[in-house]
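S.K.: sequence below, structure please.
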Amino acid sequence: MNWYRIKTSFVGIKRLITLSDEDKQDCINAYKFFQRMQAGEETSTEDETKAVADYYKVLNNMLSVFDLEKLYIPPQLDDSQGLYGNQLIIEEAIFKELNLEAPADTHLLDMGCGRGRIAHHFATLSGGQVSGYNIDPNQIENAIDWADECNMSDRLHFKVGNHHDPLEYAAESFDGCFSFQAVWPFFKKEELDDHAREMYRVLKPGARYACSEYLLSPYFDWNNNEHATLHRTFLPTLAATQSMYPTDVCAALERAGFNIVLSAPSKSEAWPICEQKRDLILWVRRIVRGLEKIKLMPPWVEQSLDLLQKGGQAWTDAEKAKIADLNWRIVAEK
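M.R.: A predicted model of the protein is given here:
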């Protein structure tokens, strides 16, 4: 682990220790809200959006401790590489799918940009500009600081934004857009069309959308009790509110005017990397328990790590059963 990773983990621990009581309670309430959703409670999009923001405000710091600063698990495309190396590989593959003719002259949109690290990688690959939005002000602040630290503030542009609102960008602003496990897990089926139309609006003619996104596989059966039980357990851990089939997303994109170039499963499974992170969490939990004993870490952190582990195991079981895919690939062209 290099110095940057060590520093990121330390900052994540520090922020967890110094979180306000209100933020901690909001996070706990959000997780309970997600659990009630999976138990069948009807919820509004507004309440779901608030819960996601409250949860991610804490989760982004917690996962940064485990080298998950980009908040997504990639497929294991190279078993000689760890999480970060495989993230770079899938990001480069998605960048290639955008099929940019003059990359240095392009302006791309990162939907659900998190801390801006993927946007930074895409700007480095293209030589052009990348804009991004995210629901969590904490992550946007981090992204802006990172762009400044890298002397790329003139090429990286970030702001707070919500998938469920009209995108705050002019029509035909972008030469391409992309997402990594950040868009489709937050829409009810009847809401897909509105966002697909917004994506279509902000892209230039001929531009592409490319993604690596969590979607149910065609083998998932809501009437199968084993499938439904795993889903109820893993979805809150993904900090997601909904689960869509690829056909639902692709149909919405086509209704918006896109041509579907590709819709296919991940080229490899993510569960081996999930299991690596599970083992790391087990190791860190020993440290957390020690800090808890000397009153430097509140009990809720250990409780949260326990929930992450249980949900992560349910995810691993679901992916091994081929009923869900963290990195389903879609490429659509305007």
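S.K.: secondary structure element holding Ala207?
M.R.: Here Ala207 sits within strand 203-216, counting by DSSP states H and E.
S.K.: show me how far that strand is from its chain's centre.
M.R.: How far strand 203-216 lies from its chain's middle: 15 Å, per Cα atoms, centre = their mean, to the nearest Å.
S.K.: what sits up against whichever helix or strand comes after that strand?
M.R.: Scanning forward in sequence from strand 203-216 by DSSP H and E, the next helix or strand is helix 225-237. Residues from elsewhere that reach helix 225-237, judged by Cβ atoms under 8 Å, 6 or more residues apart in numbering: 31, 34-35, 38-39, 220-222, 241, 243, 307-308, 310-312, 314-315, 317-318, 321, 323-324. For every residue, glycine as well, the C-beta is placed using N, CA and C.
S.K.: give the buried residues for stretch 239-257.
M.R.: 239-246, 248-253, 256 (16 or more other Cβ atoms under 10 Å).
S.K.: I meant to write stretch 29-45 there.
M.R.: So stretch 29-45, judged by 16+ other Cβ under 10 Å, has buried residues 30-31, 33-34, 37-38, 45.
S.K.: could you identify the most distant pair in those residues?
M.R.: The largest distance within the buried residues of stretch 29-45, taken as Cβ to Cβ, falls between Tyr31 and Thr45 and amounts to 18.4 Å.
S.K.: re earlier: packing partners of the strand holding Ala207?
M.R.: If you count contacts as 3 or more Cβ pairs under 8 Å, 6 or more residues apart in numbering; DSSP states H and E, strand 203-216 packs onto helix 83-97, strand 174-180, helix 246-256, strand 324-333.
S.K.: need the ones you listed in JSON lines (columns: mean pLDDT and distance to Tyr209).
M.R.: Putting these into JSON lines (pLDDT from 0 to 100; distance: least, Cβ to Cβ, whole Å) gives the following:
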{"stretch": "helix 83-97", "mean pLDDT": "96", "distance to Tyr209": "9"}
{"stretch": "strand 174-180", "mean pLDDT": "98", "distance to Tyr209": "5"}
{"stretch": "helix 246-256", "mean pLDDT": "98", "distance to Tyr209": "7"}
{"stretch": "strand 324-333", "mean pLDDT": "97", "distance to Tyr209": "5"}
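S.K.: mind checking which of those is nearest Glu141?
M.R.: Among the helices and strands packed on strand 203-216, the nearest to Glu141 by Cβ to Cβ is strand 174-180 (20.1 Å).
S.K.: what's the angle between the closest one and helix 83-97?
M.R.: Relative orientation of strand 174-180 versus helix 83-97 (axes from the mean of the first three to the mean of the last three Cα atoms, to 10 degrees): 150 degrees.
S.K.: heads up, I number from 830, so please use that
M.R.: That works, and once the first residue is 830, the last one we named lands at strand 1003-1009.
S.K.: much appreciated, bye for now.
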